[in-house]
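Novice: Build the 3D model from these lines:
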Amino acid sequence: MLRLVDEDGQPAVIGLSRGLWLNLSDFVGEMKSLGKAEPTEGKQGSAEGSQLGFPRNWPAAYSSSSLKALIGKRGVLPGKRVAVAGGPSEEEKKVLKPLSFEARPFPQSFSNAQFIAKLQPGLSIVRGWVVWEWLDQEPGKFLAQRYWWNSHHDGRWVDFTPRPSGIDQLLLVEAEGERDKEPKELQVLSRAQAELTNQLLSRFAPEPHGPHSPCVKEQPAQKLQAKPQAKSQAKPQATPQAAKALDYSKWSNIVDSDEEQDEQGGFRDEDVGVKDLAEGPRGTAKKEPPIPDYLLGSTNGGGGTNCLTSLVKMLDSEQTQENAHQLAQVFGRTFHSAMLDKARQDFYKKALEAMKEVAKDAYVVILGIGSLLPMLRVAHSFSGVLLESSAKLADLAQQLLSSNQVGTHLKVAVVKALDDHEAVQEALQQHVPAGSCTVVVLTERMAHDLLSNGIVPCSLAVHEALRKLVPSARIRHIPQTVELLVAPAEIRSDRLKDFDIRPFNALRHTSSNDKADFWWWPVRMDNQQNTVCSVLGPSKTLCGFDFDRAPEIALDEVRRPLKLQALQRGRCNCAAVWWVAKFQDLEYSTRPLMAGRGVDQKDRAQQRSEWKQAIHYLAGETALFPGDVIELLVSITPRFTFRMMQQSPMSVEAPLWVQAPTNSKFSATLPILPYHFLMMTDLERLRVYQDALRDAIRNQSKKLGRRCRVLDAGCGIGLLGLSAALEGAEVWLCEAVPLMRHVCREVVAANAGLVAEKRGLVQLLPPMMSTRLHTEDVPKFDIVVSEVMDLWCLGEGIIPTMRHAHKKLLAEDGVMLPGKLQIYAQPLELSLWSEVEQKEQLELSMLTQQFKNKFSALRIDQFAHRFLTEEPILALEIDLSDVPPQPAEGEANIEGGVKLCIRMGGKPALRAKVSSTKIDHRGMLSGYGIWWSADLRNGHSVTSDPRNPQRSWKQLVRWLDQPRPVEQNEEIQVLACFNDNQVNVEDIHLTREMVEQYEKQQAAAMNANS
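Specialist: Sure, this is the predicted structure:
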């Protein structure tokens, strides 16, 4: 007889009782056996003998195609989270005991979860499914039953619904889609609902809830209207089944991933392998913490805020004080790299020379300040006008012309928008001679994708304006034609030393968020070390423009199909786009060296090009063989940029969870910061950490007599933790950024076999900052390793990370990697513009004044420079096991007993230090090169020293306000200080006048006192 209770705890009556009942729509999967058989005879009371039960061969069943088809991310019931759940703990039962709650019998999980959520606000409802397997049929026959349970505020699940007899654990799946999370409505119990529940119960042991469970009665039809049921405060007497203690060790190797490879076998005899601690009954999940802004991606993709028009507006805006440093960096770097781009400068120089030969009296209109040198060449040889939309850049141009005494024949005019032909015409009307026979329009408004800096609409606007002003003149353009080319390509990470890092490629694929799309990324294809990078087939023209025929060019969006053919085998995951600019027989191109086509490889390799290739990552990967074709749908907007979408089938589609992050402050166009790609291919960085971990683990294991427990704090994709696991360590990985943690999860899964083979264990913690970890969540660690250093060393939180680890997480004899940090400063002679000044005989000092920075991030060895001392100054040394406490206001914080309080960031610095050294080589002191070294013990260290082969970090240059000459043996001093996240280095220089003034003040004070 059926055993159910209604919402008031009374025995259920068919046709009268109201409740949350199971319907046929609450079952998905193998349902044909649900209503046909009674429990198997002779095997009652045994889960193995019953027809429905917990999935067999767990956890291997999780990787089966049939279960993935049911609850996988692309299955019928896509699961947000999957876990094996036991019964409630004794502590959880005690919490509910004072509330006089007794659970409704199985399968009334809806009512139980709902009542508990009302009685105990800290326990929210989780809506999803419980998955059963038909145990008397062939493996892989699964049935999902709609099921509700509860969740603690920290994410731990608890299920108070009593289980069928012999069922100790349930496979629970939290619903992903909103449709599957909809609440159920109260209904009067129908005969069909009662029979369905009875059929379900018959698939388990015959007395699942004990002999005292209330029975379902059927109310006679003639009494339904005459005698409605009275409400009662009595509680049902159902006795929940106590779940026995479970041994979860047999599931220690599960990797909960929809894209998991074939299961690696043979690891279950020990606690080895990999596991995700955010899943399953051993979870220590917490609510996701807020992520620091500096970890939230980048806006450097195509379609983002990096286009020249946006930057120029920011440059002139009065609201850009907080962005002044970044803008100075951007424009300074742009001018520097553009002037040193030999191919670019040769193209414009030769084009102007060619024009001089055929039209020496030509009038030249320059669209934008460009790379400065073509503008100065025009001023030297032609009459003309520079049209610039930025008042600050126009002022800079005027200063350059005046300082180099070539401003007589070239005027400067500010135009509100260079693509507005009326505004352009108004400006040109004041300058272009009416009788001009030839007018040359020169522009450098190209971009990595050619289009996004407005070269097409700006060229068309000035052409239209000139046609109206000087209709008889011949209008020539430099460049005359531009062409955008595209070819199939692959840029993929494959392996880094021992590790399979292919899952990291998911972050390369094109995706969107609700505020911005990211399309192409600027990538220098010829500089992709330790990366699979190749052009797989010939290029095709995407679009082209002949500016001498400007009236024929339309700015409307064009969509068209495009077929790209492969000539070599590879896995195509992107389309590589570059451009070619031409004038007569001259050509300037961003074509990568690997694309060939008659380019002088040796000559091109020695040139420093400003431009990279525009790489449009596709929504997946496609295996290509020679002769194969990829079909794309292309959208081209000449005023803006291009987009592509693959139409032909892909071998592997990009995962849906790759999304560019967005918040109220900004909308990122890249899902991660670009330097992550450098770090993922930096063999030197990984080698140093692996050597340090090997020695530390072996020393600790020998001392402790057991395997080490290691925490990788801020693990990224987990390579350091995996390296520790290959030494047999028991590793916990901690990563705060959910997207990066997801990639880490996939990388860990891809290397699970290797970890198990080396008898290591990798455990991935839920997404959180390591500073949120406490010993009730994890054990004390023998080694804490972290690599959250940026080019400033402290900017990503290495001090708070290690301070917390030392105080809360490290075992008594534990070690930290790194244990100490050293900040170095070395006096430097370096001028960003000296190479161009000497070669072109120009005066460019106003560039330094206009785009003045306190600090610049650059690779010092890529610039002509000279260190003025043989050895750097050890400006700061930070012991991470003994970080100074925050000083009080006014408290002295300088080493050496000086009674001064140095402040930074609005409060006293943690520590400050004055260091001095003597100059070894006389010269012009421009500033100080700054880098750091992190001590990894046993003679190992990782460093951003410019002489080190690592690629992950640049150096900093702390510029002097005004360069000054220094002599050999002259003493110089620097003041360095730090707080939790910042480092500052200041030059201390007292001029003779300052010293004399100080001496006079001291003498006057002494006389007054006497």
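
Novice: where exactly do the strands run in the stretch 1-150 of the chain?
Specialist: 13-14, 18-19, 27-29, 52-53, 79-85, 124-134, 142-151 (DSSP state E, counting those that start in this stretch).

Novice: ok now the third one, how far from the chain's centre?
Specialist: Offset of strand 27-29 from its chain centre (C-alpha atoms, centre = their mean, to the nearest Å): 38 Å.

Novice: who does that strand touch, helix- and strand-wise?
Specialist: Judged by 3 or more C-beta pairs under 8 Å, 6 or more residues apart in numbering; DSSP states H and E, strand 27-29 is in contact with strand 142-151. C-beta here means a position set from N, CA and C on the backbone, and glycine is covered the same way.

Novice: what is the rounded mean pLDDT of the strand it packs on?
Specialist: Averaging pLDDT along strand 142-151 yields 91.

Novice: again, but for stretch 537-554
Specialist: 95.

Novice: in this protein, which residue is closest to the centre?
Specialist: Closest residue to the average C-alpha location of the chain: Ile672 at 2.0 Å, with C-alpha atoms, centre = their mean.

Novice: from memory that residue sits against Met740, does it?
Specialist: Yes - using C-beta atoms under 8 Å, Ile672 is in contact with Met740, at 6.8 Å.

Novice: Let me have the strands of the stretch 1-150 of the chain in TSV, adding distance to Asp159 as columns.
Specialist: As requested, those are exported to TSV (distance: least, C-beta to C-beta, whole Å):
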stretch	distance to Asp159
strand 13-14	27
strand 18-19	19
strand 27-29	19
strand 52-53	16
strand 79-85	5
strand 124-134	9
strand 142-151	4
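
Novice: Indicate which one of these is closest to Gly537.
Specialist: Each of those has some distance to Gly537 by C-beta to C-beta; the shortest is strand 79-85, at 39.8 Å.

Novice: What pairs with the closest one, parallel or antiparallel?
Specialist: strand 170-175 (antiparallel) (DSSP bridges).

Novice: Quick one: residues in contact with the helix or strand that the partner strand is followed by.
Specialist: Per DSSP states H and E, the first helix or strand lying C-terminal to strand 170-175 is strand 187-188. With C-beta atoms under 8 Å, 6 or more residues apart in numbering as the test, strand 187-188 has contacts from 15-21, 193.

Novice: one more time with 6 Å
Specialist: 18, 21 (C-beta atoms under 6 Å, 6 or more residues apart in numbering).

Novice: So which elements touch the lengthiest helix in the chain?
Specialist: Longest helix of the chain, by residue count under DSSP state H: helix 683-704. Judged by 3 or more C-beta pairs under 6 Å, 6 or more residues apart in numbering; DSSP states H and E, helix 683-704 is in contact with helix 719-725.

Novice: what's the closest non-adjacent residue to the residue nearest to the centre of the chain?
Specialist: Excluding the flanking residues, the one nearest Ile672 by C-beta to C-beta, 6 or more residues apart in numbering is Leu507, at 5.4 Å.

Novice: ok, now Ser856?
Specialist: Val957 (4.8 Å).

Novice: Same check on Ala909?
Specialist: Counting by C-beta to C-beta, 6+ apart, the residue nearest Ala909 is Cys977, at 3.9 Å.

Novice: quick one: buried residues of the strand or helix carrying that neighbour?
Specialist: Counting by DSSP H and E, the element that carries Cys977 is strand 971-978. Buried residues in strand 971-978, counted by 16 or more other C-beta atoms under 10 Å: 972, 974-978.

Novice: who touches it?
Specialist: 825, 875-876, 902, 904, 909-910, 912-916, 918, 984-986, 988.

Novice: Check the offset of that strand from the chain's centre.
Specialist: Using C-alpha atoms, centre = their mean, the offset of strand 971-978 from its chain centre is 35 Å.

Novice: follow-up on the earlier one: mind listing what's buried in the helix or strand hosting the residue nearest to Ser856?
Specialist: Secondary structure assigned from DSSP H and E places Val957 in strand 955-966. Residues of strand 955-966 classed as buried by neighbour count (16+ other C-beta under 10 Å): 955-960, 963, 966.

Novice: At which residues are the strands of the stretch 601-750 of the chain located?
Specialist: 613-624, 629-636, 642-646, 652-653, 709-713, 730-734.

Novice: can you put the ones you listed in JSON lines and add distance to Phe855, mean neighbour count and mean pLDDT?
Specialist: Formatted as JSON lines, the strands of the stretch 601-750 of the chain follow (distance: least, C-beta to C-beta, whole Å; neighbours: other C-beta atoms under 10 Å; pLDDT from 0 to 100):
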{"stretch": "strand 613-624", "distance to Phe855": "30", "mean neighbour count": "22", "mean pLDDT": "91"}
{"stretch": "strand 629-636", "distance to Phe855": "40", "mean neighbour count": "17", "mean pLDDT": "93"}
{"stretch": "strand 642-646", "distance to Phe855": "36", "mean neighbour count": "21", "mean pLDDT": "87"}
{"stretch": "strand 652-653", "distance to Phe855": "43", "mean neighbour count": "15", "mean pLDDT": "84"}
{"stretch": "strand 709-713", "distance to Phe855": "27", "mean neighbour count": "29", "mean pLDDT": "97"}
{"stretch": "strand 730-734", "distance to Phe855": "30", "mean neighbour count": "28", "mean pLDDT": "96"}
